[in-house]
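[1] Take this sequence and fold it.
(2 chains)
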Amino acid sequence: MIAAIQKKAFWAWSAFLYIFIVTPLICVILASFNQESVQSVPPLQWSLRWYGEALRNPNFVRGALTSLVVATVATIIATPIGVLGAFGLWKSKSRYKAALDAFFALPIVVPGLVTGISLLIVLTAADESAGNVKLICGHVLIVLPYVIRTTLASLAQFNPSLWEAAETLGASPPQVLWRIVLPIIRPGIVAGMVFGFILSFDDVNISLFLVDARTITLPISIMSYLQFSFDPSVAAISTILIGITFVSTLLLERLFGLKRLFAGG
Amino acid sequence: MAEVVLRNVVARYEQFLAVDNVSLTIGSGEFVTLLGPSGCGKSTTLRIIAGLMKPTSGSVLFAGRDVTAANAADRNIGMVFQSLALFPHMTVAENVAFGLKMRGAAVAAIEKRVKRMLEMVRLDQLSDRYPSQMSGGQQQRVALARAMAVEPSILILDEPFGALDRKLREAMQVELHLLTREMKITALFVTHDQEEALMLSDSIAVMNKGRIEQYGTPQEIYAAPATRFVADFMGMTNFLQGRVIGRNGNGLDISIGEATLRTPEFASVSHGADVTFAVRPEKVLLTATETSTKAAIEGTIRQVTYHGDASRIVLSLKNGETMVALETNDRRSGDRSVGSKVWAHWAPEDVKVFAQ
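    As a prediction, this is how the structure comes out:
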């Protein structure tokens, strides 16, 4: 009896949470299909008009390209640094290990505004024409802690006997890392990369201080667009982003979820 | 295959002395088992031989060469881990090939060797499977094939059958016995299971508190345990406290409570000494009346448990100590109900006496 009530309560609570999370997304998606330039949910008249508007807006298109390039480059730079850092922490016997561990999580903890301002101060010395470089430096800081965290989490699950087995079979430590550890923890690294990539693509706080007139990211161009107009083209571009994120998560789950089954943990 | 020698090996973790001055020789082609309870230092000794741990002092020699400072990777060993430690992202064939690959062997030679090893453990049909797709026994055989593929100087096995169920474990023991004898492999086996040790080994080193209590053939260890600890560990579990009260031409007279028992001579004990008297439960015979021919001791039955082929009977002796008899069920005579009085006796040669 009590168990049944608990079960029902659990389902009700889960359903509530899902509704809470999903409702805004659904509203945005619905709003993007308006005919008129009002954000009405549900639309009075359906159309794809604002998708056309959004894709014709040169600021959105350029912003999307910039964001894509910045997030990609930042992920490519941050991943090897993060993975090597995690390896180092994992193998370290230093008594400052826990402190270092927390230190590497700082970019998550420190407010983005503060990081942005500090980077602005540090990087003013950089050449004005190197706007992208400043932006990428900032975004490496966004991606890095996630890669380190997920890699460390995977390493904590790693069976130390596998390392010893490889060693007894004649493998040197770099060979063990490359041939045994890396392939086994790959799903964790990829998860960190995806997480970092999405957060970098999404970032406003840090980017705000590092962009210049010629290099503007998508979230910032959406923000500045909203200052002057509130039409459904913003909803349309948001819907496109939701779609891309959803499909890529699904793909990753398919690819690496299955892979993990094979690996058996 | 090579002779492996440990010389005065000591291993210390902070204050804890894990291995206390162990010296041991494993002859070429010999199967040696380190046997002991958990925490006796057998696993630490094994890790020192494998090169996974450096001893605090002492040395390790492979075929006369001092390898104490060498890493595991440079010792040419094959090791089967308790957790098996198969590489989950590699197929069976890739697992077996790994050691050869690390040694830079030619691709064709690796292929040939892997095929031979997998035939040896009868897994050649499953070479493209992943470990997670195999049964426990199959995984065990992959681990064995992987360790033996590199033609190791010594094959080291760390309680490899602990996780298997009884039937599979027995099958794997028979298989390992056959393989190691056929190929004349030098092997070091670690276990806490004395039956497994007796069955597999040429020699057994019984370890306790970081020391080797006795090193000998399975027959010696079983029939002539050198210390009380070894006797206990090998199933000689009846211990009675007594005192040597006399010596006659070919034996000792020992008083236990009110009874006086005659045993064969044990040179290590002297007149008047307090001793521990040991006998296996399965060697204890029970009769309803005192026999005049043998020394016997009287007791009251406290508990009877049925074990299929035998029954385990717990006696209370007059001096308050307990004695256990394991009696074959089809040769029973007389009453074995709780509370009845019986006489326990045994052949003089089935007894061991240890000085205290």
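[2] Now do stretch A:229-241, average pLDDT.
    If you average the pLDDT over stretch A:229-241, you get 88.
[3] do stretch B:42-61 and chain A meet at all?
    Yes - for stretch B:42-61, a contact with chain A is found by C-beta under 8 Å from any C-beta of the partner chain, at B:50-52. Where C-beta positions appear, they are placed from N, C-alpha and C, glycine not excepted.
[4] Now for those residues, which sits with the most neighbours around it?
    Using other C-beta atoms under 10 Å in any protein chain shown as the neighbour criterion, B:Gly51 leads the residues of stretch B:42-61 next to chain A with 24 neighbours.
[5] what about the closest residue to that residue other than its chain neighbours, how many residues close to it?
    Spatial nearest neighbour of B:Gly51, excluding adjacent residues (C-beta to C-beta, 6 or more residues apart in numbering or on different chains): B:Ala72 at 3.7 Å. By other C-beta under 10 Å, 24 other residues sit near B:Ala72.
[6] Was I right to think B:Ala72 contacts A:Glu164?
    Yes - distance between B:Ala72 and A:Glu164: 7.1 Å, which falls inside the contact criterion (C-beta atoms under 8 Å).
[7] where do the contact lists of these two overlap?
    Between them, B:Ala72 and A:Glu164 have B:Leu52 as joint contacts when contacts are counted by C-beta atoms under 8 Å, 6 or more residues apart in numbering or on different chains.
[8] about what we covered before: do you know the pLDDT at the residue nearest to B:Gly51?
    The confidence metric pLDDT takes the value 92 at B:Ala72.
[9] list the contacts for it?
    In this structure, B:Ala72 makes contact with A:164, A:167-168, B:50-52, judged by C-beta under 8 Å, 6+ apart.
[10] go again using 6 Å as the cut-off
    With contact set as C-beta atoms under 6 Å, 6 or more residues apart in numbering or on different chains, B:Ala72 has these partners: A:167-168, B:50-52.
[11] next one: B:Gln82
    B:158-159.
[12] Worst mean pLDDT across the helices and strands of the chain, which element?
    The chain I'm using is chain A. Least confident helix or strand, chain A: helix A:258-263 with a mean of 46, by mean pLDDT, DSSP states H and E.
[13] Sorry, I should have been clearer: chain B.
    Per mean pLDDT, DSSP H and E, bottom of the list for chain B is strand B:259-264, a mean of 78.
[14] Hmm, A:Ala171 is touching B:Met102, no?
    Yes - counting by C-beta atoms under 6 Å, A:Ala171 sits close enough to B:Met102 to count as a contact (4.8 Å).
[15] what is A:Trp46 paired to in the beta sheet?
    On the basis of DSSP bridges, A:Trp46 is bridged to A:Asn34.
[16] Just the ones in helices from the residues of stretch B:42-61 next to chain A, please.
    Where the residues of stretch B:42-61 next to chain A overlap with helices, as defined by DSSP state H, the overlap consists of B:Ala50.
[17] Report the secondary structure state of the residue positioned nearest the centre of chain A.
    By C-alpha atoms, centre = their mean, chain A has its centre lying nearest to A:Ile198, at 2.7 Å. The three-state assignment at A:Ile198 reads helix, by DSSP: H, G, I helix; E, B strand; the rest coil.
[18] now it: how far from chain B?
    Between A:Ile198 and chain B the distance is 27 Å, computed by C-beta to the nearest C-beta, to the nearest Å.
[19] how about the helices of chain A, start to end?
    Here chain A has its helices, by DSSP H, at A:2-31, A:49-56, A:58-91, A:97-104, A:106-109, A:112-123, A:131-157, A:160-168, A:173-176, A:182-202, A:207-210, A:218-228, A:233-252, A:258-263.
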